[in-house]
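1. Based on what follows, work out the 3D shape:
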Amino acid sequence: MVANVTGDVVRESSAVVDLLSRQLSSPVLWTRSMRRFAERNPPVVYEAGPGNVLAGLMKRTVDGVDVISLSACDTLPAAS
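-> Here you go, the predicted structure:
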């Protein structure tokens, strides 16, 4: 997981609750978070939920990332 409040990769599950609660009242470090996420070289990034605002922001923040917006779970591609 990449925490929006720090922009860092989080590997300890014990830190997640604190980071998520801090995210409610702290600025989101979007650019740092998305660049850190992209460093992991995902083959594709999925945005879950209505609209495609986050996908557009990701495409403008990090070059070469394939982003797909999903509005419903049934639009997820099947695992191979």
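2. make it CA atoms for all contacts and neighbour counts henceforth
-> Noted.
3. what's the span of stretch 5-13 from first residue to last?
-> 16 Å (Cα to Cα, to the nearest Å).
4. mind checking how far Met34 is from Ser14?
-> 22 Å.
5. again, but for Gln23
-> 15 Å.
6. neighbour count winner among those two?
-> Gln23 (16 against 9; other Cα atoms under 10 Å).
7. Val10 is in contact with Ala3, correct?
-> Yes: using Cα atoms under 8 Å, Ala3 makes contact with Val10 at a distance of 6.7 Å.
8. by contact count, what packs against the longest helix along the chain?
-> Taking DSSP state H as the assignment, the helix of the chain that covers the most residues is helix 13-23. Of the remaining helices and strands, none touches helix 13-23 by 3 or more Cα pairs under 8 Å, 6 or more residues apart in numbering; DSSP states H and E.
9. what does it rub up against?
-> Residues from elsewhere that reach helix 13-23, judged by Cα atoms under 8 Å, 6 or more residues apart in numbering: 3-5, 10.
10. 7 Å instead, please
-> Outside helix 13-23, the residues that touch it by Cα atoms under 7 Å, 6 or more residues apart in numbering are 3-5.
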